[in-house]
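A.B. asks: Build me a model from this:
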Amino acid sequence: MPENSSSPRTLPWVARPAARTWRCGPAPAAVRDFHAALPGYSPTPLTELPPLAAELGAGRLFVKDESRRLGLPAFKALGASWAVHRVLTERAAGGAEPGPVTLVTATDGNHGRAVARTARLLGQRAHVLVPQGVHPRAVAAIVAEQARVTEVPGPYDEAVRLAAEAATGPDAVLVQDTAWPGYERIPGWIVEGYSTLCAEIDEQLADEGIAEGPDLVCVPVGVGSLAQAVVTHYRSRPSGRAPVLMSVEPQAAACVLESVVRGEPVSVPTGDTTMAGLNCGTPSSIAWPYLHRGLDAAVAVPDADSARAAARLAALGVSSGPCGAAALAGLRAALTGAGADERRTALGLGPSSVVVLLSTEGPAANPHGTLGRSSPDRLKAVRRRDTVRGAETRPRIPEKGLRTSAPLPRTPRDS
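C.D. replies: Down below sits the predicted model:
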């Protein structure tokens with residue numbers, strides 16, 4: 001078992017001091033240039049919050065605010081846009097027949113909406129499968145991007161399995177942000193896309209007079225793709241400080257924490273959580289080697305901690321959803337309660353430390369916190385979802401109990 005793993009009665013936590021010495025290769029430099037050329041691109045804010053730094057005993061604390069990224073309320077557009085670009089470029093180079101393809105994916109909300117938006121802007125089609133528990137408004141936002149949406153009466157891992165099956169047809173491509181043996185190339189492109197976020201942080205910290213980079217980075221984790229990008233960025237630097245990297249998950253779906261504790265990738269059963277975008281039971285196969293070797297610490301938090309963190313960030317002017325606020329919730333949890341001094345030491349956090357929290361989404365990305373997965377209000381909302389922005393979604397019940405909504409009819413401005 002790794003060093004400093006928690007007992008079942010204490011905070012779900014593990015620390016691995018040796019991770020700071022591990023090194024890997026960098027992400028391709030072409031990714032940042034690609035994003036910089038996209039219409040509407042600009043770096044998202046890196047907001048300094050001195051009150052939080054004082055509360056947590058740090059020197060300076062910054063929040064990377066991904067509530068507005070390329071017109072969407074989460075960071076996922078970075079990975080989807082780069083991966084779809086690579087898919088279409090390689091298809092064209094390989095002599096594929098011209099014409100639109102169907103981009104298929106499973107999602108807890110943000111990734112599917114990003115794939116659907118990218119497909120619409122590029123004149124492609126999208127088919128998005130969503131697991132049980134995704135809020136009706138998040139589903140409606142995907143439908144509004146012209147995507148066909150299938151609601152799966154099961155967890156995220158089941159939606160991924162069905163998406164892979166749906167992508168086996170002609171002119172269909174699976175664009176999934178988790179990997180497994182035999183399906184790793186496209187997820188790798190998605191991870192590369194996230195590297196732009198880290199490059200922006202470097203530049204923004206340098207503008208603040210912190211050229212050597214942060215001392216601690218806290219990243220919310222689902223299957224681990226963003227964390228893989230963060231590990232890749234900071235463990236590939238040839239010089240400068242090697243920051244402590246800590247992952248944060250919901251206690252209801254802590255697959256990365258459990259895998260780190262066991263020293264091998266494992267699947268865990270998932271439960272209800274307002275951190276819907278992090279509700280994943282299996283680490284990505286390509287992320288795991290990076291997380292296993294490059295993460296310094298991992299922690300899991302309850303929904304209530306995430307809600308309190310989101311409220312605190314809002315009071316300080318940062319708009320964050322439950323998943324984005326998980327980074328603050330995880331750091332707070334690590335620095336309070338029994339064993340807090342030991343955890344502070346493991347994180348290397350002192351009065352001169354520079355901390356970066358990745359707030360991966362805004363509230364609009366994940367309205368899940370207002371309705372429980374099985375609540376009567378959610379069921380009523382699902383039944384009411386027969387129109388989106390005034391246009392019929394034409395729901396039907398296909399085989400295997402899945403529920404599908406057809407895309408909105410195209411309008412001249414969308415063509």
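A.B. asks: Run through who's touching stretch 43-59.
C.D. replies: Residues from elsewhere that reach stretch 43-59, judged by C-beta atoms under 8 Å, 6 or more residues apart in numbering: 60-69, 75, 197, 200-201, 203-205, 208, 216, 312-313, 316-318, 328, 331-332, 335, 344, 349-356. Bear in mind the C-beta positions are built from the backbone N, C-alpha and C, glycine included.
A.B. asks: if we go to 7 Å?
C.D. replies: Stretch 43-59 is touched from outside by 60-66, 68-69, 200-201, 204, 316, 318, 331, 335, 349, 351-355, with contacts defined as C-beta atoms under 7 Å, 6 or more residues apart in numbering.
A.B. asks: what do you get for stretch 322-340?
C.D. replies: 10-11, 13, 56, 66, 218-220, 246, 248, 274-275, 277-278, 299, 301, 305-307, 309-310, 312-313, 343-344, 347, 357-361, 366, 368-369.
A.B. asks: Buried ones among the residues you listed?
C.D. replies: Buried residues within these, counting neighbours by 16 or more other C-beta atoms under 10 Å: 11, 13, 56, 66, 218-220, 246, 248, 274-275, 277-278, 299, 301, 305-307, 309-310, 312-313, 343-344, 347, 357-361, 366, 368-369.
A.B. asks: I'd like to know which of those are part of strands.
C.D. replies: Among the buried ones among the contacts of stretch 322-340, DSSP state E puts 13, 218-220, 246, 248, 299, 301, 357-359 in strands.
A.B. asks: export the residues you listed to JSON lines and tack on distance to Gly112 and pLDDT?
C.D. replies: JSON lines is the format used below for these (distance: C-beta to C-beta, whole Å; pLDDT from 0 to 100):
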{"residue": "Trp13", "distance to Gly112": "31", "pLDDT": "97"}
{"residue": "Cys218", "distance to Gly112": "25", "pLDDT": "98"}
{"residue": "Val219", "distance to Gly112": "21", "pLDDT": "98"}
{"residue": "Pro220", "distance to Gly112": "17", "pLDDT": "98"}
{"residue": "Met246", "distance to Gly112": "27", "pLDDT": "98"}
{"residue": "Val248", "distance to Gly112": "22", "pLDDT": "98"}
{"residue": "Val299", "distance to Gly112": "27", "pLDDT": "98"}
{"residue": "Val301", "distance to Gly112": "24", "pLDDT": "98"}
{"residue": "Leu357", "distance to Gly112": "25", "pLDDT": "98"}
{"residue": "Leu358", "distance to Gly112": "20", "pLDDT": "98"}
{"residue": "Ser359", "distance to Gly112": "20", "pLDDT": "98"}
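A.B. asks: Now find how far off-centre the one helix or strand Leu162 maps to is within its chain.
C.D. replies: If you go by DSSP states H and E, Leu162 is part of helix 156-166. Centroid separation for helix 156-166 versus its chain: 18 Å, with C-alpha atoms, centre = their mean, to the nearest Å.
A.B. asks: next one: stretch 190-203
C.D. replies: For stretch 190-203, the distance to the chain centre is 13 Å (C-alpha atoms, centre = their mean).
A.B. asks: for stretch 72-87, same thing?
C.D. replies: Distance, stretch centre to chain centre, for stretch 72-87: 12 Å (C-alpha atoms, centre = their mean).
A.B. asks: Quick check: mean pLDDT of that stretch?
C.D. replies: Here stretch 72-87 scores 97 as its mean pLDDT.
A.B. asks: Name the residues that touch that stretch?
C.D. replies: Here stretch 72-87 makes contact (C-beta under 7 Å, 6+ apart) with 31, 34-35, 38, 66-67, 69-70, 103, 110-111, 113-115, 117-118, 122, 173, 175, 177, 186, 189-194, 196-197, 360-362, 364-365.
A.B. asks: show me where this protein has helices.
C.D. replies: 30-36, 50-56, 77-93, 110-121, 136-143, 156-166, 185-207, 225-235, 255-262, 288-294, 303-315, 322-334, 340-347, 376-384 (DSSP state H).
A.B. asks: tell me the most buried of those?
C.D. replies: With neighbours defined as mean count of other C-beta atoms under 10 Å, the helices of the chain peak in mean count at helix 322-334, which reaches a mean of 29.
A.B. asks: I'd like to check the angle between that helix and helix 340-347, please.
C.D. replies: Here helix 322-334 points in a direction 110 degrees away from that of helix 340-347 (axes from the mean of the first three to the mean of the last three C-alpha atoms, to 10 degrees).
A.B. asks: beta partners of the residue lying closest to Ala166 once chain neighbours are set aside?
C.D. replies: For Ala166, ignoring the flanking residues on the chain, the nearest one in space by C-beta to C-beta, 6 or more residues apart in numbering is Val104 at 5.1 Å. Note on Val104: beta-bridge partners by DSSP bridges are His127, Leu174.
A.B. asks: can you check Val248 too?
C.D. replies: Beta-bridge partners of Val248, counted by DSSP bridges, are Pro220, Val299.
A.B. asks: Looks like it contacts Cys218 (just checking).
C.D. replies: Yes. Using C-beta atoms under 7 Å, Val248 is in contact with Cys218, at 6.0 Å.
A.B. asks: partners of the residue nearest to Ala346 when sequence neighbours are not counted in the sheet?
C.D. replies: Excluding the flanking residues, the one nearest Ala346 by C-beta to C-beta, 6+ apart is Ala15, at 3.9 Å. Applying DSSP bridges to Ala15 yields these beta-bridge partners: Ala297.
A.B. asks: what about Ala15, how many residues close to it?
C.D. replies: 24 (other C-beta atoms under 10 Å).
A.B. asks: so it touches Val299, yeah?
C.D. replies: No. Using C-beta under 7 Å, Ala15 is not in contact with Val299; the gap is 9.3 Å.
A.B. asks: Now do the contacts for Arg60.
C.D. replies: Counting by C-beta under 7 Å, 6+ apart, Arg60 has contacts 48, 53, 354.
A.B. asks: do Arg293 as well
C.D. replies: Arg293 makes contact with 19, 22, according to C-beta under 7 Å, 6+ apart.
A.B. asks: 8 Å instead, please
C.D. replies: 19, 22, 24, 231.
A.B. asks: ok so, going back, format the ones in strands among the buried ones among the contacts of stretch 322-340 as TSV; extra columns: distance to His135.
C.D. replies: Converted to TSV, those look like this (distance: C-beta to C-beta, whole Å):
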residue	distance to His135
Trp13	29
Cys218	25
Val219	23
Pro220	18
Met246	27
Val248	21
Val299	25
Val301	20
Leu357	24
Leu358	22
Ser359	19
